[in-house]
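Participant: Okay, predicted coordinates and the sequence, questions at the end:
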Amino acid sequence: MKVYHDIPPFYDADSRILILGSMPSVVSRKEGFYYAHKQNRFWTVLEQVFDEKISSKEEFLHKHHIALWDVIKCCDIVNSSDLSIKNVVVNDISWLLSKTKIEKIFVTGNKAYELYEKMVYPDVNILAYKLSSTSSANARCSLKSLVDEYMVLKK
């Protein structure tokens, strides 16, 4: 099924870190914000990395100069499975970079990283750091290992 990414990028002019996923989950698309599925560990990981409780996701992201978006603008996808993604059109990441002070790009998950390297990097020429997916589908990664890996966001 062809799905269009309809959640705008979250950023402000002072964003210095960009975290890119592949495509929002069905739940995130319904909620209209990133990493909205209750079983996704993204927000829990960030709480532990920055050692603070997140009461407002938007305020937290602004405070830490973090922008969120996804590599994919539209694709064929079954439910929320990255493994099913086909016929990809990528977002114009260079547009977002021109509006911010982004210094580092982190890409979550294998599919997003693969697509970034193949379809985005040639246009923006900024190396991305690959992070493990926080999705519950990535059960092989413990919460502790995710927190340890995501500590790179603080450097």
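Facilitator: Everything's here; your move.

Participant: which residues in the protein form strands?
Facilitator: Assigned by DSSP state E, the strands in the chain fall at 2-4, 17-21, 66-70, 72-76, 86-90, 104-108, 128-131.

Participant: This structure: helices as residue ranges?
Facilitator: All helices of the chain, identified by DSSP state H, fall at 26-31, 42-50, 57-63, 93-98, 110-115, 121-124, 143-150.

Participant: Deepest-packed of those helices, please.
Facilitator: helix 110-115 (a mean of 20; mean count of other Cβ atoms under 10 Å). C-beta coordinates here come from the backbone N, C-alpha and C atoms, glycine included.

Participant: What mean pLDDT does that one get?
Facilitator: For helix 110-115, mean pLDDT rounds to 94.

Participant: How far does that helix sit from its chain's centre?
Facilitator: Centre-to-centre, helix 110-115 and its host chain are 11 Å apart (Cα atoms, centre = their mean, to the nearest Å).

Participant: Just checking, which helix or strand of this structure averages the lowest pLDDT?
Facilitator: Least confident helix or strand of the chain, by mean pLDDT, DSSP states H and E, is helix 121-124 with a mean of 88.
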